[in-house]
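**Q** my questions are about this predicted structure, shown below with the sequence.
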Amino acid sequence: MIEIHNLTKRFDQIKAVDEVSVTIREKTVFGLIGTNGAGKSTVLRMIAGVIKPDEGTVAVDNMPVFDNVEAKKRMFFIADEPYFFANANAGTMERYFSGIYEAFDREEFYRYLEKFSLDKNRKIGTFSKGMKKQLALLLGICAHTKYILCDETFDGLDPVMRQGIKSIFAKEMEERGLTPVIASHNLRELEDICDHVGLLHKGGVLLSKDLEDMKCNIQKVQCVFATVDDEIKALNGLEVLKKEQRGSLSTITVRSGREEVEARLATVDTVFYEVLPLSLEEIFISETEVVGYDIKKLILG
Amino acid sequence: MTSKNSFWASCRENHKRRIWVWIVAVLSQLLVYGGMTIVYLSRIKSFYEDGVYRTAQAFREAMYQAARDAIGFSDNVFPVTIILGAIIGIQGFSYLYDRRKVDLYHSVPVTKGRRFAVVYVNGLMIWLLSNLLGLFVGMIIAGTQGAVNTAVIADAGLAFLWNLFLFLVSYHVMILSVMLTGNRFVTIGAYLVFGLFEICTNALHNAMSGAYYDTYITTFVDSDPKFSPYYDCTAYIWRLKSLQEVGEKARLALPIMGKWVLIAAAFLALAWIAYRKRASEAAGKAIAFPWLKPFVKIAVTIPGALVIGLVVYDSSNGNQTLMALGIIVGVILLCAALEVIYAFDIRCIVKHLPSSGIAVFGALAIFCTFKWDLTGYDSYIPAQNKVESIAISLDCYYDNYWDENRNYISSDEYIKKHMFLNDLEPVLALAEMGRQTASEDMKESRSLYVLYRLKSGREKARRIAVDYHDPKAAAYLNEIFRTDEFKRGIYQVMTDENYCDGVTKITYSNGPARITVSPKEAETLRAAWIKDMEQFDFTLARDGMPCGEITLEYADYSQRQWYVYETFAETIACLDRNEAFYPAKLNAEDVDYITVTNYHNELTQEDMEIGIEARETAQAYDVDYTVKETFTDPAQIEDILSAIHCTYLVSPWGNYDGTENGYSVEVVFKKDSAYPYDRNAYYFNYEFIKGQVPEFVVEATEYKGNTE
């Protein structure tokens, strides 16, 4: 488990990260969402032990991480622009990392290289941006660390590759309890991969929740009530986050469990009703609007 | 088998990323050792073929020396060592400049200490192995040419240590520079500041002191940089090259190397602390520690601005207002430049004005301190009860000195070591008289260089302006000159019991005649001369003209002179016994003719004054007033001989007022004369004694206008 407590970091006069507290549980995919400059990379670099927080603590499995080899052995950090040695090829990088990470699986690495059609003898300098990110991910996966920290790593990957990496993540999570932490500015990129999401804005955490919890606790209902009294009776006691009316069709977002909502609607007279699944985007819109932010401006653009 | 995670495995991995540095290091070391060995030995062989060396032994010695010059203490190797130290240092730790590299290296499970050690040891290995390879190749080349003996090997070994410690200094200075900065360009600037700061500020201090303090001297006190290995290199390498004995070299080099080790250790410690404290996010920034910025700014801009001020001062013929203006403008420009460098942003040109203000204030304060002598430098005279002893030297007397190993040393060094005047009063009285001298007059006056050895252990040196013709000053100088401490402090012959060892030839000369005396007479002559020197005082030094000189020649072809005055009865008697004494005055019957040249300086001087006033100098200077006249009449020759003194015996104490400087006299001997004049010289230069130019000479050499 990675525990981040009141993490603060300033660069000159700018507060890049402001009292961030987040807990990253094992065997979950943690998504760190935020706009450019929200502090995602800084948080990840502090988790990786690259930079030292001004205030607050980062503990990886109860170990402080900064300049702590034991803690770092459990992590592999893939920066937003991963560095590869000059004139290096995949083999060069494998030899470097296998010298550092004791559990590095060389056979698996070369197997993955083949699977992803990356030439082990080709100079990395001639790789495309997406290929470099694939290579960095494969190196990270094969390092067999407990945590893999990916900074905008999925940005630039084509859907097929993304799917491939996600499959590997799923396999590694299942087999050895890998915990990926993925930072991205793109909410849609994380929608189908994350179990838990932390939303950063201006260096602070707007929210941090399990996606399932969020999905289970927010329902969107499309409904035509027989009478206005039915509507009032149905919604009475429910936390209505949003309500839109088009003619007699009401679209209502409520914070409640699906069963409870369905039970409520069953007690009143409705012409039609349907409980619809929410996209991650819609959940975020709803959640952030509650705390006074317009998520569209922050992330969705 | 080496573990994948072992220190040496990490080193090997690190080496893979330093291939080009290896190539540069190996090639440069092969060039300076192997290449230069070939060049030096080939040159000696070429000389041998041209017949420069008469014996095989001389040739062999030259080959050994050439090998020592190439692979021992070499002025080719030390610049390469310094540059390699800088290159290896900056390349090893330059990953700290790049955020992407920092992200990689600082996220992997390797401690900061381990990474530092790996990079550091690798850098050291690059230099060590490449240097040893170059040395080995040079040695092999020299060996195949028969130019290696134990002295060459010992010399190379000592020089290896010298270069190793020099490398460490340069290497550590560069590592610290990298740690304090986040960009190559700024790092190189920091390296130059660390390496040259003391040399530059020291030179600046000397230049300012020389420009503003009338009593400032570099005599006696060591005004050289104390902590700059780069200065040490340039200052000592020639001396180390010239010493033949390895033991002597070691005695000179080891203390310097010891100092370098301490300096290198200090820089490494600072570099380590900076490395530990340095934030990863400093990558790409100008200065890694923001709190250092104002200090760097002030430390760099003040001396920089003072240099600009001095340049303005020199180019404006000493205009002090312009100099002050130059300093202010210099500080402002340098502060602006530094702010731009700090932020890599031209818009930051006027940021952080308070530190710029401090820099302006500091530079002007230093300028004012010198300009108005706020520290009282020129008026300094120590209280008598605070002075342990004094050493003095005069601006007019020079002699050759050597140390206990018979290596030449400067007169200042010798006097400082051997002169301990205990009678302080006359010196302090002269200092007090000098203090009253106006600044304008001081530039024209004669000088006494004084070293005050204070009871506190400190030493202060000052120049005292002295008027040699002031009776009061002359009286004080006589008091000083008559002391044993003064004489023993200035004449090595009086104290050095081995002075006459190795004398191969003694000659006495009155100018034209040069008579050889047996070297066996050296000690007798020495004793007689020392006895005669009891009568030596300032008046004799100022007014007396030696009638001759005794020259001692040594096995190493070096020479020493003792001046003989007509009152030196013991010495003259000793020379007489050896049939070597000839009086200064020549016999008229030996002289064929005398040519007198009158330069008419008085007319030239008048022209200059007129020219300066009338601004017609070009025309005035073209006039040649020289009049030359030859005298063959025996009576006239006799009169002239009575009024002249041999030019090179005029005054060893630099009192040139004793002769007429508007005339020169050439005495030509009869070819059949028995007088033992130097037949190769044919004629000899003399000068008229002040006020004794015969009337007939004046008339005969009168300027009568341009006859052309």
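**A** Arrived safely. Numbering: from 1, shown residues only, chains lettered A, B, ... in the order given.
**Q** per-residue pLDDT, residue B:5?
**A** pLDDT recorded at residue B:5 is 61.
**Q** the domain parsing of the chain - what is it?
**A** All of this is about chain A. For chain A, automatic domain parsing gives the domain ranges A:2-202, A:213-300.
**Q** that's the wrong chain, I meant chain B
**A** Taken from automatic domain parsing, chain B resolves into B:7-195+B:224-284, B:293-371, B:384-494, B:498-577, B:588-700.
**Q** of these, which is nearest chain A?
**A** domain B:7-195+B:224-284 (3.8 Å; C-beta to the nearest C-beta). Backbone N, C-alpha and C define where each C-beta goes, glycine included.
**Q** hmm, who's touching stretch B:180-195?
**A** Here stretch B:180-195 makes contact (C-beta atoms under 8 Å, 6 or more residues apart in numbering or on different chains) with B:86, B:90, B:94, B:96-97, B:170, B:173-174, B:176-178, B:228, B:230, B:267, B:274, B:282-289, B:292, B:296, B:299-300, B:341, B:344.
**Q** residue contacts, residue 89?
**A** Since no chain was named, I'll use chain A. With C-beta under 8 Å, 6+ apart, residue A:89 has these contacts: A:119-124.
**Q** hm, I was asking about chain B
**A** Contacts of residue B:89 by C-beta under 8 Å, 6+ apart are B:123, B:170-175, B:177-178.
**Q** right, and the pair among those residues with maximum separation?
**A** Using C-beta to C-beta, the contacts of residue B:89 span at most 13.8 Å, a distance reached by B:123 and B:177.
**Q** possible to save the domains of chain B as a markdown table with distance to residue A:38?
**A** Formatted as a markdown table, the domains of chain B follow (distance: least, C-beta to C-beta, whole Å):
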| stretch | distance to residue A:38 |
| --- | --- |
| domain B:7-195+B:224-284 | 17 |
| domain B:293-371 | 25 |
| domain B:384-494 | 63 |
| domain B:498-577 | 81 |
| domain B:588-700 | 79 |
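**Q** what residues are up against residue 211?
**A** Just so you know, I chose chain A. By C-beta under 8 Å, 6+ apart, the residues touching residue A:211 are A:194-197, A:280, A:283.
**Q** my bad, chain B
**A** Contact analysis of residue B:211 by C-beta under 8 Å, 6+ apart lists B:310, B:313, B:370.
**Q** if you rank these by neighbours, which is first?
**A** Highest neighbour count within the contacts of residue B:211, by other C-beta atoms under 10 Å in any protein chain shown: residue B:313, with 23 neighbours.
**Q** per-residue confidence for residue B:332?
**A** Model confidence at residue B:332, given as pLDDT, is 92.
**Q** got phi/psi on it?
**A** Main-chain dihedrals, residue B:332, degrees, to the nearest 10: phi -60, psi -50.
**Q** what do you get for the one 4 residues further on?
**A** Its backbone dihedrals place residue B:336 at phi -60, psi -40, with angles given as degrees, to the nearest 10.
**Q** so it makes contact with residue B:346?
**A** No. In this structure, residue B:336 is not within contact of residue B:346 by C-beta atoms under 8 Å, at 9.4 Å.
**Q** the two: which is more packed in?
**A** Higher neighbour count among residue B:336 and residue B:346: residue B:336, with 17 against 9, using other C-beta under 10 Å.
**Q** near chain A, which residues of the stretch 1-150 of chain B are found?
**A** When proximity is defined by C-beta under 8 Å from any C-beta of the partner chain, the stretch 1-150 of chain B lies next to chain A at B:4-5, B:9-10, B:13, B:16-17, B:98, B:100-104, B:106-112.
**Q** what does stretch B:520-531 rub up against?
**A** B:493-494, B:499-500, B:503, B:506, B:517, B:550, B:552, B:562, B:564, B:568, B:570-571, B:573-575, B:578.
**Q** please redo it, this time with the cut-off set to 10 Å
**A** Applying C-beta atoms under 10 Å, 6 or more residues apart in numbering or on different chains, the contact partners of stretch B:520-531 are B:487-488, B:491, B:493-494, B:496-497, B:499-506, B:508, B:517-519, B:550, B:552, B:562-564, B:568-575, B:577-578, B:580.
**Q** for it, which residues meet the burial criterion?
**A** B:521-522, B:524-526, B:528-530 (16 or more other C-beta atoms under 10 Å in any protein chain shown).
**Q** quick one: mean pLDDT for that stretch?
**A** Average pLDDT, stretch B:520-531: 94.
**Q** tell me the secondary structure at the closest residue to residue B:653 other than its chain neighbours.
**A** In this structure, residue B:653 finds its nearest non-sequential neighbour in residue B:541, 4.2 Å apart by C-beta to C-beta, 6 or more residues apart in numbering or on different chains. When classified by DSSP: H, G, I helix; E, B strand; the rest coil, residue B:541 comes out as helix.
**Q** okay, now residue B:541: neighbour count?
**A** Neighbours of residue B:541 (other C-beta under 10 Å): 22.
**Q** could you measure from it over to residue B:478?
**A** Going from residue B:541 to residue B:478 by C-beta to C-beta, to the nearest Å gives 9 Å.
**Q** what's the neighbour count on residue B:392?
**A** 23.
**Q** that one bridge partners, please.
**A** Beta-bridge partners recorded for residue B:392 (DSSP bridges): residue B:450.
**Q** show the contacting residues for the residue located most distally from the centre of chain A.
**A** Most distant from the centre of chain A: residue A:227, at 42.8 Å, with distances by C-alpha atoms, centre = their mean. For residue A:227, the contacting residues are A:233, A:268-270, by C-beta under 10 Å, 6+ apart.
**Q** and the helices in the stretch 151-300 of chain B?
**A** Under the criterion DSSP state H, counting those that start in this stretch, the stretch 151-300 of chain B contains helices at B:184-212, B:229-242, B:246-277, B:293-315.
**Q** cool, and chain A?
**A** A:40-47, A:69-72, A:90-100, A:106-115, A:129-142, A:159-176, A:187-191, A:211-217, A:228-235, A:258-266, A:280-290, A:295 (DSSP state H).
**Q** deepest of the ones you listed, which one?
**A** helix A:40-47 (a mean of 26; mean count of other C-beta atoms under 10 Å in any protein chain shown).
**Q** now the two most distant members of the contacts of residue A:211.
**A** Taking C-beta to C-beta, no two of the contacts of residue A:211 sit farther apart than A:195 and A:283, at 13.8 Å.
**Q** where does chain B dip in pLDDT?
**A** For chain B, the stretches with pLDDT under 70 are B:1-5, B:396, B:438-444, B:605-622, B:652, B:654-656, B:706-708.
**Q** ignore the last one, the stretch 201-301 of chain A
**A** Applying pLDDT under 70 to the stretch 201-301 of chain A flags residues A:287-301.
**Q** where does the stretch 101-250 of chain A come near chain B, residue by residue?
**A** Contact residues, the stretch 101-250 of chain A versus chain B (C-beta under 10 Å from any C-beta of the partner chain): A:101-102, A:104, A:136, A:143, A:145, A:149, A:151.
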